[in-house]
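>>> next come a sequence and a model predicted from it.
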Amino acid sequence: MNSDIAPNDAVSLWDLLALRAETTGDAVALIDEHDRRMTFAEVVSVAERVAAGLLARGIEPGSTVSWQLPTRIETVVLSLALSRLGVTQNPIIPLYRAREVGAMVAQCESEWLITLGEFRGFDHGAMAEELRAASGDRLNLLIVSSELPDGDPAGLPPAPVGREEVRWIYTTSGTTSAPKGVCHTDGTLIAGGVSLADAIGASAEDVGTIFFPYAHIGGPDLLIASLTTGMSLTLMEVYEPRAAVDLMRRAGVTITGGSTPHYALLLEEQRKNPGARVVPTLRMLTGGGAPMPEKLFRDVLTEMGIPILHAYGMTECPMITSARMSDSIEQLATTSGRPVLGCEVQIRTEEDDVLPIGEVGRVWLRGPMLFKEYRADGEIIRPFDSDGWMFTGDTGRLEAEGHLVLVGREKDLIIRKGESISPTEIEEVLAAHSAVADVAVIGLPDDRSGERICAVLQLHEGTADLDVDEIRAYCREAGISPAKFPEDIVIVSEMPKTPTMKIRKQHLRQSVIDQRALSGAAVD
């Protein structure tokens, strides 16, 4: 990280923004797909006016505010204005609908919901009105457009000074149950963003991107990396590969990514004109949120001439490990990198004994970027041991130089004939097949073996369907154990994914089970 300010000098997120504006106020902070630009000094000035406008509307320090907005300059400014007021924020991804948004607002006990009118053919304003009516009019609404509330900053109260108060509540997706609130402070988010900037070596010369929902935990990660280093950020409301390439060229983007699908989609754009670099200024891809197939890394390196610095994080801890430019090609291709600045990782048994290097077990972590608590059904839950460590729910192993290799998510393990099988290993093999565009391996109920292995495949357009014999032969050639060969194949036109591009495995599994039940095929 090349920073001209000391992040620890900033008590709060607003302090960090103000310090950046004092240091390089004329530098470009934000760029959008319409080529609008805003400097760091302008961000401070506009955010203060918006904070005053919000205060005049009745949003006061200490309020809890849910907001559901797309990735726009106005969204970043609004979020910073709320930070200036000392409000507790609950960011909500725009693709969520009434059931999820209502559950999040209820879980956070929000007094306000800020949203927009129609976006991508959906009337968010009407949904918000329905939620307000359902709350007995206890929920206050603010429907914004391209114009944010405006006021005189002279009437603002003093900026918040603490960094340990919960001021951010992110939520789980709630696909199988009511969401849990994941409670962060300015301090935990600053630690995450600083560690991201350090891992990727960001500087004021860089231009990064937020091509995913800013309401995702990765939003403040990149914002804080920008405030720490002076890096500019380029924003896009809805990710479309061709338009993203054009925008990156115009903005001179040097760092982009988000998650594994973003890497793959950019590689597809590169392949349309292999004689020239798709974005000449790019020096790396970075992101996380889903496993990165080794073949994808090597294809990007070979065909685009740049590495992927893949990372591992979660809503509860936005940065855990990350690849670095100093890593070997093998480490970049096959691991999730080393623990980031300030983060510690242990591998433990189910009895919580720490395992030696190379042994597979449960991944535990602790560090200053780790969230403070869950909020669930009115209760506060702190899932930490007496020393502040938390189990991530993932399994993996540490290599000699500290790099983490993830094996799978513990709840995703397939138990077949008493043997625990990681879907990730099988997915890595199948992802390298020339016909496969995307893959998810799931376990289906089976009376004889407990679970049988099913590979759900999305194929490249124009390729012939694969059958289970072809896939098993391919796995045999890849050299994995016959016990891990898929026993079922399901071909889908598109994988069900979350707004942050993760495959909804539990949804997919239940969908396959339901479809087979309807068709009369055995599922148990």
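Happy to help now that I have it. Being a predicted model, the structure only gives us computed values, none of them experimental.
>>> low pLDDT regions in the protein?
Within the chain, the ranges that satisfy pLDDT under 70 run 173-178, 418, 420, 447, 520-524.
>>> now for the longest helix along the chain, which elements pack on it?
Taking DSSP state H as the criterion, the chain has its longest helix at helix 40-57. Judged by 3 or more Cβ pairs under 8 Å, 6 or more residues apart in numbering; DSSP states H and E, the packing partners of helix 40-57 are helix 13-24, strand 28-31, helix 73-85. C-beta here means a position set from N, CA and C on the backbone, and glycine is covered the same way.
>>> nearest to I489, out of the ones you listed?
Closest to I489 of the helices and strands packed on helix 40-57 is helix 73-85 (Cβ to Cβ; 41.7 Å).
>>> show me where the stretch 401-524 of the chain has strands.
Listed in chain order, the strands of the stretch 401-524 of the chain (DSSP state E, counting those that start in this stretch) span 404-409, 414-416, 419-421, 436-446, 450-459, 488-492.
>>> burial count for the closest residue to P157 other than its chain neighbours?
Nearest residue to P157, sequence neighbours excluded (Cβ to Cβ, 6 or more residues apart in numbering): P61, at 6.1 Å. The number of residues packed near P61 is 16, by other Cβ atoms under 10 Å.
>>> please report phi then psi for P61.
phi -50, psi 140 (degrees, to the nearest 10).
>>> that one and L55: what is the separation?
8 Å (Cβ to Cβ, to the nearest Å).
>>> out of the strands of the stretch 401-524 of the chain, which gets nearest to Y374?
Closest to Y374 of those, according to Cβ to Cβ: strand 404-409, at 18.2 Å.
>>> ok, now which ones touch the residue nearest to P157?
Applying Cβ atoms under 8 Å, 6 or more residues apart in numbering to P61 gives the contacts 85-87, 157, 160.
>>> now, of these, which are buried?
Buried subset of the contacts of P61 (neighbour count, 16 or more other Cβ atoms under 10 Å): 85-87, 160.
>>> OK, contacts around the closest residue to I255 other than its chain neighbours?
In this structure, I255 finds its nearest non-sequential neighbour in G208, 4.5 Å apart by Cβ to Cβ, 6+ apart. Taking Cβ under 8 Å, 6+ apart, we find G208 in contact with 202, 222, 225-226, 231-234, 253-256.
>>> switch to 10 Å and redo it
By Cβ atoms under 10 Å, 6 or more residues apart in numbering, the residues touching G208 are 196-197, 200, 202, 222-223, 225-226, 229, 231-234, 251, 253-257, 286.
>>> Three-state assignment for it, please.
Using DSSP: H, G, I helix; E, B strand; the rest coil, the structure places G208 in strand.
>>> hey, what's it bridged with?
For G208, the beta-bridge partners under DSSP bridges are L233.
>>> what distance do you get for it to M248?
The span separating G208 from M248 equals 10 Å under the rule Cβ to Cβ.
>>> shared neighbours of the two, anything?
Contacts common to G208 and M248, judged by Cβ under 10 Å, 6+ apart, are 234, 254, 256.
>>> for G187, which of the helices and strands packed on helix 40-57 is the nearest?
Among the helices and strands packed on helix 40-57, the nearest to G187 by Cβ to Cβ is helix 13-24 (9.3 Å).
>>> quick one, strands of the stretch 201-350 of the chain?
Counting by DSSP E, counting those that start in this stretch, the stretch 201-350 of the chain has strands at residues 207-210, 232-235, 255-258, 284-287, 308-314, 317-322, 338-339, 344-348.
>>> just those: most buried one?
Greatest average neighbour count among those goes to strand 317-322 (a mean of 28), per mean count of other Cβ atoms under 10 Å.
>>> that one: partners in the sheet, and parallel or antiparallel?
Strand pairing for strand 317-322, using DSSP bridges, gives strand 308-314 (antiparallel), strand 338-339 (antiparallel).
>>> residues near D488, how many?
D488, neighbours per other Cβ under 10 Å, totals 18.
>>> got the contact list for G402?
Going by Cβ under 10 Å, 6+ apart, the list of residues near G402 reads 321, 331, 335, 337-339, 345, 357.
>>> want to throw the residues you listed into JSON lines with distance to T315?
Shown next, in JSON lines, are the contacts of G402 (distance: Cβ to Cβ, whole Å):
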{"residue": "T321", "distance to T315": "16"}
{"residue": "Q331", "distance to T315": "26"}
{"residue": "T335", "distance to T315": "22"}
{"residue": "G337", "distance to T315": "19"}
{"residue": "R338", "distance to T315": "21"}
{"residue": "P339", "distance to T315": "18"}
{"residue": "V345", "distance to T315": "17"}
{"residue": "I357", "distance to T315": "28"}
